[in-house]
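*Asks:* this one's sequence-less:
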């Protein structure tokens, strides 16, 4: 079901500067460098660049239409193109996405959580795409711009799967009201963005905003082993159709008979299904698999297809990605991002590896505000017993080392650096084929460079 330039005029107070009001709005792109023939270019004013100023570049590359909110007189060269002027391009695409969503009577799955949104989304996709033609969020298109752009790319898909990110309260409410999910998923409530929201309880309130736009007959899936979601479970059941998954707490879908390896797991779903295989290690991926299994089951997907989808799942780059360099050193590349919950899980995964020396290269976790020092110290508790050699990168990660020392960690096995490139000489001399190395920190700490350097060692 298409939307047209005329919908912008009617619904977004748009003004047709030139061109065709019956032109279909699809294949939107807000980066003039990536425009392809037939795309619709969206000019967005940012803090550094005004995307409106690049509309000529977009048209020269073959864009069929431009949606702008700041423009001078149109060069005669482009009068045969379609250009629409609106008050605010971001609000325009949000309204268009809300309208386009209303034209589709299909399952819409929305996912949020402090940890694992993307991997859970991809796990669910691996399952639901076995039966349904599915459109999903790509990359980090999970905010007030990315989510509308995703919805506006809907064509003949039978299911929409969107990830919803947030930094502040109110953001998920907006996204939920645009997407109107029929299924909502909260993977967990942790400490990500606690510096902005002030407490985990406030993070919970913000995550629950995903329900603000949910269909009245919709289903909420929660991780019942997460402490805050578990406490909220009874209240949620009074207001919503809630489906719970868990390992430790009694839940609708429970993993039992768990067999964990470092890079894979196997489990049964209690009273439902046996021998579910996950080709990624770590308990968090058992939870992700349970959510995917439960959603697949509720959508009427055959159990064998669900198991096949879970088994087929592969992590995207830099998320617990296994690599081996020419020395034979095994690297766990988990450099995509970091917060307390994901770092704790990754360190515990490292500790389960047998017959290897455990080396952890840990960088700062950011956006923690006043909680930063304490949360880094808490990671120091996890290091003891799971790590043989600790290398920290950055200012806050030094508190990981301080706490590890308090817990009895050997002083000579701790190294601290301010920047990632300062550790290269040490690593080249240190690493052998007897080592497994976890590399993890917030994205802007640039630990991906450390992984790249380790892979060069011979």
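*Replies:* The structure has been received and is ready for your questions. Worth saying up front: this structure is predicted, and the values here are computed from it rather than measured.

*Asks:* strands of the stretch 251-400 of the chain, start to end?
*Replies:* 253-260, 265-269, 273-278, 321-324, 330-334, 357-363, 389-393 (DSSP state E, counting those that start in this stretch).

*Asks:* who are the packing partners of the first one?
*Replies:* With contacts defined as 3 or more CB pairs under 8 Å, 6 or more residues apart in numbering; DSSP states H and E, strand 253-260 has these neighbours: strand 241-246, strand 265-269, helix 283-298. Where C-beta positions appear, they are placed from N, C-alpha and C, glycine not excepted.

*Asks:* nearest to residue 50 among the strands of the stretch 251-400 of the chain would be which one?
*Replies:* strand 357-363 (33.6 Å; CB to CB).

*Asks:* give me the mean pLDDT for the closest one.
*Replies:* The pLDDT scores in strand 357-363 average 98.

*Asks:* for that strand, which strands pair with it and how are they oriented?
*Replies:* strand 389-393 (parallel), strand 435-440 (parallel) (DSSP bridges).

*Asks:* reformat the helices and strands packed on strand 253-260 as CSV; add distance to residue 308 and mean pLDDT.
*Replies:* Below are these laid out as CSV (distance: least, CB to CB, whole Å; pLDDT from 0 to 100):
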stretch, distance to residue 308, mean pLDDT
strand 241-246, 19, 98
strand 265-269, 14, 96
helix 283-298, 10, 96
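
*Asks:* nearest to residue 39 among the strands of the stretch 251-400 of the chain would be which one?
*Replies:* strand 321-324 (31.4 Å).

*Asks:* contact partners for residue 180?
*Replies:* 98, 101-102, 108, 213-215 (CB atoms under 8 Å, 6 or more residues apart in numbering).

*Asks:* phi, psi of it?
*Replies:* phi 40, psi 60 (degrees, to the nearest 10).

*Asks:* please apply the same query to residue 21.
*Replies:* The phi/psi pair for residue 21 (degrees, to the nearest 10) is phi -70, psi -10.

*Asks:* that one: neighbour count?
*Replies:* Counted with other CB atoms under 10 Å, residues neighbouring residue 21 total 15.

*Asks:* so what's it up against?
*Replies:* Applying CB under 8 Å, 6+ apart, the residues near residue 21 are 4-6, 9.

*Asks:* same question, residue 114
*Replies:* Contacts of residue 114 by CB under 8 Å, 6+ apart are 187-193, 203, 207, 339, 341.

*Asks:* repeat the analysis, applying 6 Å as the threshold.
*Replies:* Taking CB atoms under 6 Å, 6 or more residues apart in numbering, we find residue 114 in contact with 188-190, 192.

*Asks:* closest one of those to residue 149?
*Replies:* Of the contacts of residue 114, the one sitting nearest to residue 149 (CB to CB) turns out to be residue 192, at 23.2 Å.

*Asks:* burial count for residue 24?
*Replies:* 14.

*Asks:* which is the succeeding secondary structure element to the lowest-mean-pLDDT helix or strand in the chain?
*Replies:* Sorting the helices and strands of the chain by mean pLDDT, DSSP states H and E puts helix 194-197 at the bottom, at a mean of 80. As assigned by DSSP states H and E, the chain's next helix or strand after helix 194-197 is helix 200-207.

*Asks:* may I see the buried residues of that next one?
*Replies:* By neighbour count with 16 or more other CB atoms under 10 Å, helix 200-207 contains the buried residues 200, 203-204, 206-207.

*Asks:* what of stretch 128-142?
*Replies:* 128-132, 134-137, 141-142.

*Asks:* of all those, the one with the weakest confidence?
*Replies:* Per-residue pLDDT puts residue 141 lowest of those, at 89.

*Asks:* ok, and the closest non-adjacent residue to it?
*Replies:* residue 150 (5.4 Å; CB to CB, 6 or more residues apart in numbering).

*Asks:* pLDDT score for the one you found?
*Replies:* Reported pLDDT for residue 150: 96.

*Asks:* equivalent analysis for residue 281, please.
*Replies:* Residue 281 is given a pLDDT of 86.

*Asks:* I'd guessed it sits against residue 258; true?
*Replies:* No. Using CB atoms under 6 Å, residue 281 is not in contact with residue 258, being 11.9 Å away.

*Asks:* which one of the two is surrounded by more residues?
*Replies:* residue 281 (23 against 13).

*Asks:* roughly how far apart are that one and residue 76?
*Replies:* 61 Å (CB to CB, to the nearest Å).

*Asks:* who's in contact with the strand or helix carrying residue 10?
*Replies:* Following DSSP H and E, one finds residue 10 within helix 5-11. Helix 5-11 is contacted by residues 14, 21, 23, 84, 95 when judged by CB under 6 Å, 6+ apart.

*Asks:* mind listing what's buried along that helix?
*Replies:* So for helix 5-11, counting by 16+ other CB under 10 Å, buried means 5-8.

*Asks:* kindly report the same for stretch 225-232.
*Replies:* 225-226, 228-230, 232.

*Asks:* one more: stretch 374-383?
*Replies:* Neighbour-count burial for stretch 374-383 flags 375-380, 382-383 (criterion: 16+ other CB under 10 Å).

*Asks:* go on, stretch 205-214?
*Replies:* Here stretch 205-214 shows 206-211, 213-214 as buried, counting by 16+ other CB under 10 Å.

*Asks:* since that was my last question, I'll sign off now.
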